[in-house]
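In: Prediction below, plus the sequence it came from.
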Amino acid sequence: MKKILHLLAILAFCSSYSQDWKMLFESEMGTYYYKPNTDETAWVKIVSNKTEYYPSKTSTQTKTVDGHKTILWKFNCRSRKLGIIKSTTYSKNGKVLESFSENEILVEMDYVNPDSIGEELLNYFCTSE
């Protein structure tokens, strides 16, 4: 009986863990997933077999791999701006290929372009909840 309860607890945990990310949409850049973080921030994961990254800090050309990017966005719904706090690029097997982070207070906020993926993300963030 204990084994059955233990198994059910594990299944419930796995189910709730996998539901943390909500699929938003697909584009030629990849599949976009969303996970709320704070009142002003949310995580966006972009899964693609064409994930681009800079292999070193001095690189001027990108490399392309099968992997994903996880980006922590800061949103300002009132002024219609967004900015990136943190971005990490992973290979398909989970190896970190590139990472960037900025102090949340110093994040450069920029207006979103109309009809862009940034506008879709901002609209979703500002209208959810």
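Out: Now that the structure is in, tell me what you want to look at.

In: Show me the strands in the protein, by range?
Out: Here the chain has its strands, by DSSP state E, at 22-27, 30-36, 41-53, 63-76, 81-91, 96-101, 110-111.

In: how near is the spatially most central residue of the chain to C77?
Out: Centroid-nearest residue in the chain: V44, 2.0 Å away (criterion: C-alpha atoms, centre = their mean). Relative to C77, V44 is positioned 16 Å away (criterion: C-beta to C-beta, to the nearest Å). Quick note: C-beta positions are derived from backbone N, CA and C, even for glycine.

In: W43 too?
Out: From W43 to C77 the distance is 17 Å (C-beta to C-beta).

In: quick one, which of those two is more surrounded?
Out: W43 (17 against 13; other C-beta atoms under 10 Å).

In: from memory that one sits against Y34, does it?
Out: Yes: W43 lies in contact with Y34 (C-beta atoms under 8 Å); the separation is 7.3 Å.

In: Low-confidence stretches in this protein?
Out: 1-19, 129 (pLDDT under 70).

In: if we can go back for a sec, looking at the strands of the chain, which is nearest to I117?
Out: Shortest distance between I117 and these, using C-beta to C-beta, is found for strand 22-27: 6.5 Å.

In: now the closest one: how far from the chain's centre is it?
Out: Averaging C-alpha positions (C-alpha atoms, centre = their mean, to the nearest Å) puts strand 22-27 11 Å from its chain's average.

In: That strand: which residues count as buried?
Out: L24 (16 or more other C-beta atoms under 10 Å).

In: and it, which strands flank it?
Out: strand 30-36 (antiparallel) (DSSP bridges).

In: quick one on the thing from earlier: make TSV out of the strands of the chain and add distance to F125.
Out: Below are those laid out as TSV (distance: least, C-beta to C-beta, whole Å):
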stretch	distance to F125
strand 22-27	10
strand 30-36	8
strand 41-53	5
strand 63-76	5
strand 81-91	8
strand 96-101	20
strand 110-111	15
